[in-house]
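**Q** Got a sequence here, can you model it:
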Amino acid sequence: MAEGEWEKVPVRKPDRSHENAANEGEDDGSEEEPDFSDQEGFVDDITDEELLGDLLKQKPKEAVGIDSVVVVDNIPQVGNDRLPKLKNVVRKIFSKFGQITTEHYPEEGAKTKGFCFLEFSSQANAIEAAKQMNGYKLDKLHTFAVNLFSDFDKYSSIPDKWETPEIQPYKDHGNLKNWLQQADCQDQYCVIFNAGETTAIFSNTPTEALVVEERKRWTETYVRWSPQGTYLATLHQKGIALWGGEKFQQIRRFAHTGVQLIDFSPCERYLVTFSPLIDTREEPQAIIIWDIRTGAKRRGFHCENAAQWPIFKWSADGKFFARMTTDTLSIYETPSFGLLDKKSLKITGIKDFAWSPADNIISYWVPEEKENPARVTLIELPSRRELRIKNLFNVAECKLHWQKLGDYMCCKVDRYTKSKKGQFCNFEIFRIREKQIPVDSVEVKEAIIAFAWEPTGSKFVILHGESPRISASFYNIKARANVELIKCLERRVANSLFWSPMGQFVILAGLRGMNGQFEFIDTNDMTIMNANEHFMATDVEWDPTGRYVITGVSWWSHKVDNAYWVWNFQGKVLQKCTRERFCQMLWRPRPPTLLSAEQMRDVKKNMKTYSKQFELKDRMSQSKASKELIEKRQAMIEEYTKYVARLEEQWQEEKQIRLELRSGTDTDELDSHVENMEEEVIEFFLGEEITEVDEFDYE
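**A** Model prediction:
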């Protein structure tokens, strides 16, 4: 033991609780421990669910044995010799919802009673099994009726007297379609800049963009408009927020931690979110489908891989959505969110599928297998009737492209040559509206860069070849005739195609590595209206009316020259908007027009009559722009006048201080009373200079 240290020996001390605690602490040399007890009157406003939500979900419940049991009715009545086979069938059907711990088949005499009890490892599995398998057709004579065992107690204890439910207060979000009432039909678009720190909504005009709303840190990653433009979705670490109305107030929140990807149903009724962070066997959380109007979670799904998003593809009317897994195409219906007819389609080797944008028709393709050729199939839902099958040979890959109106479907087929050493491409064109859906074939020997349908017409364009010999071939589909080549533009600088939403006009774009070259083409007479460049452009976005188009250099892709330009459909630059670290730009979609096809034809027929009104309005808008400039200058003059008046008022208030500083002499009006002044001239003699001049110098 070192010198100067004391050996610590445990000593039993007598009880001194009646003495001063402070003195006791000084005697034994120890510090007083802090007091962690709550103060008097403290109220804890944090619930256990907020602090320990994940752990409380795993807390055993009293009725866990009952809540995890389902009753399966209307199963076959069999004897002991066939009972093992029946158990295997039932176990195979229900085990996909979770682990079955116990099962019981009541018997009467030598046969089962026609129902059984299945106990799952968790309540969530039992609830999902009862929800999905109720109404499942085992065969023609047996349709399952599945219920939770706990439902028997719940339904037997329903009171005889009905109580009126409490009416929830209605929250008015205002007119969610108010931007459509803008008199000049100005479209809106959303811009993210400052490296994601600032998000702004602008109203587009021919001369400048007017700020509608601007907020800091409105989103943590990116934004997304709903298909009809009603909602703006922002992504956050804790979930999704939807905004709308005139002032973009928050409509609803959806809690999904770590959400990365989202998708809307075409009808804007449902929202799909994906998060890779939380997913359990008992309660699927990777993909969640929400009801936008109520905010309720409708169903969760597991997800092993989200490389291809969206995983769920929606039908045009939002009544069905489908998902592809190995050898299976699962089609779900709303609002039950159960499998259509309680079973999936078994399609061996299915590679890809796509919905028609206008009808409840699905197209899918299957590759070759042994002696069986590859095939493209069209099926109608909900009947599952096959509309058309097209067999294909020597297929390497297929890609399905639907035209926006659903009139045509193109299957791009990459095929091997006979030697299997090279490839060429075929485009199989399905005429959906014609009898028996005939198929035309267009063959292209060169490599395919891009393909795009005209949204509202019968044309399509193909980019093919290799740089610098890239060609753009334009085709037209004639009714009950062959597909004809309209024109081929050779040696173009392009790697992308962008059709106007209204058709007729298309942009050949050379993005990123092609330095932002653009050609604006009118496909009615195949004229190049304009050719221009937006250096290093990464994005192209048409407005929903086809009047304007925006090109941009995103900070996410290119760290310099970040800006976006607004063009008209003829290729004339109207605005050059430079935003610090510009990231993303999205036009606000519009809902489908309320005009009928006949009314649309009437408008086009009388376009000259309407154009006179629009020309007058354009001239008025230009004078209005000048008027706005004059009003802006007048406002600046008024602001300056008010500033001068404010200084004069301050000058008057400080007069007494000036008098005191100048010994009572008022110097403010020395120059103001000219009539009381006398002018006096004072002369001073500064000096004299004498110069001698010879008189002969001037002779």
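**Q** Who does the most centrally placed residue in the chain form a beta bridge with?
**A** Nearest to the geometric centre of the chain sits R224, at 2.9 Å (CA atoms, centre = their mean). Taking DSSP bridges as the rule, R224 bridges to A233.
**Q** which outside residues touch stretch 402-412?
**A** By CB atoms under 8 Å, 6 or more residues apart in numbering, the residues outside stretch 402-412 that reach it are 316, 354-359, 361, 363, 365, 376, 378, 390, 398-401, 425-433, 448, 451, 453-456, 458, 460, 477. No exception for glycine: its C-beta is placed from N, CA and C like everyone else's.
**Q** picking that back up, would you agree the residue nearest to the centre of the chain is in contact with L261?
**A** No. R224 is beyond contact range of L261, at 9.6 Å (criterion: CB atoms under 8 Å).
**Q** Could you check stretch 99-114 and say which residues are buried?
**A** I100, Y105, T112, G114 (16 or more other CB atoms under 10 Å).
**Q** Sort out which of those are in strands and list them.
**A** Among the buried residues of stretch 99-114, the members found in strands (DSSP state E) are I100, T112.
**Q** Closest to L686 out of the buried residues of stretch 99-114?
**A** I100 (122.9 Å; CB to CB).
**Q** ok, the closest one - contacts?
**A** Neighbours of I100 in contact, by CB under 8 Å, 6+ apart: R91, F94, L118, E119, F120, S121.
**Q** Could you look up the SS state of the first one?
**A** Reducing the assignment at R91 to three states with DSSP: H, G, I helix; E, B strand; the rest coil gives helix.
**Q** Confirm for me that it is in contact with Y105.
**A** No. Using CB under 8 Å, R91 makes no contact with Y105, being 11.3 Å away.
**Q** from the buried residues of stretch 99-114, which is closest to E533?
**A** I100 (65.7 Å).
**Q** Relative to L594, how far out is the closest one?
**A** 54 Å (CB to CB, to the nearest Å).
**Q** Where does the prediction get shaky in this structure?
**A** 1-39, 41-42, 44-45, 49-65, 278-282, 620-628, 669-677, 693-699 (pLDDT under 70).
**Q** hmm, try it at 50
**A** 1-30, 696-699 (pLDDT under 50).
**Q** Tell me the helices and strands packed up against the longest helix seen in it.
**A** Assignment by DSSP state H gives helix 607-653 as the longest helix of the chain. Under the contact criterion of 3 or more CB pairs under 8 Å, 6 or more residues apart in numbering; DSSP states H and E, helix 607-653 touches no helix or strand at all.
**Q** thinking T199 is in contact with T219, fair?
**A** Yes. Contact status for T199 versus T219: in contact at 5.8 Å, counting by CB under 8 Å.
**Q** count of residues packed around D440?
**A** 16 (other CB atoms under 10 Å).
**Q** is it true that it touches I477?
**A** Yes. Using CB under 8 Å, D440 is in contact with I477, at 7.3 Å.
**Q** Strands of the stretch 151-300 of the chain, residue ranges please.
**A** All strands of the stretch 151-300 of the chain, identified by DSSP state E, counting those that start in this stretch, fall at 188-193, 198-204, 209-216, 223-225, 232-236, 239-244, 249-255, 261-264, 270-274, 287-291, 297-301.
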